[in-house]
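Student: okay, structure incoming, though there's no sequence with it:
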């Protein structure tokens, strides 16, 4: 199993450009999520999905769109990149554990710089 | 907005020393998780604590959930360079996770 894969690993954009960060998992997990990680701020939830066709907003959704057409894929779209979106982006998928809580598996991240 | 505050923010110690990092909140959580993140990688789950007062051990790492389920601690005994990384607490571990600000640990050989 490859686990959670993310592409690209690095990306530089100019202000106003759009792009899609790709995320795929091969563990058949229903739940997937996107986070951004900024220095001193930990991980902040952008969007999440509890299954194909179902998405919802997290803590910092503005400027980002998601869709979930398959269980495996959960792309994150930046509509019009801004310097404030410079960050490291992590995708995660989760499995439900016996205690009723989730165990998250993270991808390796995408480091995005917006000039 | 629920917040998880971690302390200290940075910690640099010598190999063999003991250390404790803390995760505090004003909110009550049903459970709490600890993750470790190494440079250039995503976080990896270490443990989930679910009962107030619960203590879990993972080799040299001891995790405790506060009696009131508002705080947690991670104690490392005889730290090794391989323990170097960013330690993150997270709650509640269902759909809408909140992560703490993190403690960056460096263990010097």
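Tutor: In hand now; what should we look at? What you are looking at is a predicted structure, and each value in this text was computed from that prediction instead of being measured.
Student: give me the nearest residue to the residue in chain A positioned nearest to chain B, chain neighbours excluded.
Tutor: Residue nearest to chain B within chain A (C-beta to the nearest C-beta): residue A:106, separated by 2.7 Å. Any C-beta I mention is one placed from the backbone N, CA and C, and that applies to glycine too. For residue A:106, ignoring the flanking residues on the chain, the nearest one in space by C-beta to C-beta, 6 or more residues apart in numbering or on different chains is residue B:42 at 2.7 Å.
Student: and the pLDDT at that neighbour?
Tutor: pLDDT, residue B:42: 94.
Student: in the sheet, who's paired with the residue of chain A closest to chain B?
Tutor: For residue A:106, the beta-bridge partners under DSSP bridges are residue A:92.
Student: mind pulling up the pLDDT for it?
Tutor: Residue A:106 is given a pLDDT of 95.
Student: one more: residue B:32?
Tutor: Per the predicted model, pLDDT is 91 at residue B:32.
Student: was I right to think it contacts residue B:70?
Tutor: No - assessed by C-beta atoms under 8 Å, residue B:32 is found out of contact with residue B:70, at 9.5 Å.
Student: bridging across strands, which residues link to residue A:4?
Tutor: residue A:25.
Student: burial of it, as a residue count?
Tutor: 23 (other C-beta atoms under 10 Å in any protein chain shown).
Student: ok, now which ones touch it?
Tutor: Residue A:4 makes contact with A:23-25, A:27, A:91-93, A:105-107, B:42 under the criterion C-beta atoms under 8 Å, 6 or more residues apart in numbering or on different chains.
Student: quick one: buried ones out of these?
Tutor: Neighbour-count burial (16 or more other C-beta atoms under 10 Å in any protein chain shown) is assigned, among these, to A:23-25, A:91-93, A:105-107, B:42.
Student: who in chain A is up against chain B?
Tutor: Residues of chain A lying close to chain B by C-beta under 8 Å from any C-beta of the partner chain are A:4, A:31, A:33, A:35, A:40-45, A:48, A:50, A:56, A:58-59, A:90, A:92, A:97, A:99-109.
Student: quick one: buried ones out of these?
Tutor: A:4, A:31, A:33, A:35, A:42-45, A:48, A:58-59, A:90, A:92, A:101-109.
Student: among those residues, name the ones in strands.
Tutor: Counting by DSSP state E, these place A:4, A:31, A:33, A:35, A:43-45, A:48, A:90, A:92, A:102-106 in strands.
Student: ok, of those, which one's closest to residue B:109?
Tutor: Nearest to residue B:109, judged by C-beta to C-beta, of these is residue A:106 at 27.5 Å.
Student: strands paired with the helix or strand bottoming out on mean pLDDT in chain B, and their directions?
Tutor: When the helices and strands of chain B are scored by mean pLDDT, DSSP states H and E, strand B:98-99 comes last with a mean of 90. Note on strand B:98-99: by DSSP bridges, its sheet partners are strand B:85-91 (antiparallel).
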